[in-house]
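S.K.: got a sequence here, can you build the structure:
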Amino acid sequence: MLHRYRGRWCPKEQQFLRHLVELQSEIEVGYSRIVSMTVDPPEIAAAFRARLSPLDVPV
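M.R.: Numbers count the residues shown, from 1 in each chain. Model (predicted):
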């Protein structure tokens, strides 16, 4: 699943991404993955991802 988001600054996007993280294990059961694209620089996106996800998420 491809998800595009406006950036870590948007509260709506933060909430939606938290919901996707909760669903991640269920999505992987169906042999699918979540890919999120952002306008944030890579280092900011990586810091946000690390704070958001307890799972090991590849860069």
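S.K.: which residues of this structure fall in strands?
M.R.: 2-5, 35-38 (DSSP state E).
S.K.: next, format these as a markdown table and append distance to residue 28, mean pLDDT and mean neighbour count.
M.R.: For glycine as for every other residue, the C-beta is placed from the backbone atoms N, C-alpha and C. As requested, the strands of the chain are exported to a markdown table (distance: least, CB to CB, whole Å; pLDDT from 0 to 100; neighbours: other CB atoms under 10 Å):
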| stretch | distance to residue 28 | mean pLDDT | mean neighbour count |
| --- | --- | --- | --- |
| strand 2-5 | 15 | 87 | 12 |
| strand 35-38 | 13 | 88 | 14 |
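S.K.: I'd like the ones you listed written out as a markdown table, with distance to residue 48 added.
M.R.: Shown next, in a markdown table, are these (distance: least, CB to CB, whole Å):
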| stretch | distance to residue 48 |
| --- | --- |
| strand 2-5 | 10 |
| strand 35-38 | 8 |
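S.K.: where does the protein have low pLDDT?
M.R.: Low-confidence segments of the chain (pLDDT under 70): 53-59.
S.K.: now what about stretch 28-48, what contacts it?
M.R.: 1-8, 17, 20, 24, 27, 59 (CB atoms under 8 Å, 6 or more residues apart in numbering).
S.K.: ok, residue 35 to residue 19 distance?
M.R.: Residue 35 sits 16 Å away from residue 19, going by CB to CB, to the nearest Å.
S.K.: ok, residue 37 next?
M.R.: Taking CB to CB, one finds residue 37 at 17 Å from residue 19.
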